[in-house]
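**Student:** return a 3D structure for these sequence lines:
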Amino acid sequence: MEEFSFMTILAVFEEIFGRGLFWTMVAVAALITVAYLYVLIRDRSMSMRKFLLAQLSMPFGGAAAVWFVMIMTNSSFADIGGPIDWIVLLGVFAAGAVGFAILVYVIQSLMRGKQAEA
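**Tutor:** Predicted coordinates:
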């Protein structure tokens, strides 16, 4: 591989997850991002209580992301070879954790609405 481009990364992700699932995940991520921006603009501040609960959910989101990638790639922890594998695995965990925390915050905000801080 002489050239590493954005299209190469897209092709790899489409190959791993399948074209339909990959673009569905992209659409869901975009929808959650728009909902998060809506909640931030609507509330004009972040609720620290909702933020704390979202942070407490982060390990579950990270573990779910690692599990999902392991299932989709038909891999196990025994297949982890070198340092780059661990770095990618930690990156997947971090992305899943942050994404899940944002999702939890959005769900709380949409269900509870704007509340005054005590």
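
**Student:** so where's this protein uncertain?
**Tutor:** Within the chain, the stretches with pLDDT under 70 are 1, 114-118.

**Student:** switch to 50 and redo it
**Tutor:** Where the chain drops to pLDDT under 50, the residues are 118.

**Student:** quick one: buried residues of the helix ranked longest in it?
**Tutor:** Using DSSP state H to define each element, the chain has its longest helix at helix 83-112. Within helix 83-112, the residues that count as buried by 16 or more other Cβ atoms under 10 Å are 89, 92-93, 96-97, 99-109. (C-beta placed from N, C-alpha, C; glycine too.)

**Student:** which one of those residues is nearest Met58?
**Tutor:** When the buried residues of helix 83-112 are ranked by distance to Met58 (Cβ to Cβ), Ala97 comes first, at 4.0 Å.

**Student:** can you pull the contacts of that closest one?
**Tutor:** 58-59, 61-62, 65 (Cβ atoms under 8 Å, 6 or more residues apart in numbering).

**Student:** repeat that for 10 Å
**Tutor:** 55, 57-66 (Cβ atoms under 10 Å, 6 or more residues apart in numbering).

**Student:** now for these, which pair is the farthest apart?
**Tutor:** Using Cβ to Cβ, the contacts of Ala97 span at most 18.3 Å, a distance reached by Gln55 and Val66.

**Student:** ok, the two, which is more surrounded?
**Tutor:** Neighbour tally, Gln55 and Val66, criterion other Cβ atoms under 10 Å: the higher count belongs to Val66, 17 against 13.

**Student:** list the helices and strands the helix or strand the more buried one falls within packs on?
**Tutor:** Counting by DSSP states H and E, the element that carries Val66 is helix 58-72. Helix 58-72 is packed against helix 6-17, helix 19-43, helix 83-112, with contacts defined by 3 or more Cβ pairs under 10 Å, 6 or more residues apart in numbering; DSSP states H and E.

**Student:** and the longest helix of the chain with helix 58-72, angle?
**Tutor:** On the basis of axes from the mean of the first three to the mean of the last three Cα atoms, to 10 degrees, helix 83-112 is oriented at 120 degrees to helix 58-72.

**Student:** how far out from the middle of the chain is helix 83-112?
**Tutor:** Mean-position distance between helix 83-112 and its chain equals 4 Å (Cα atoms, centre = their mean, to the nearest Å).
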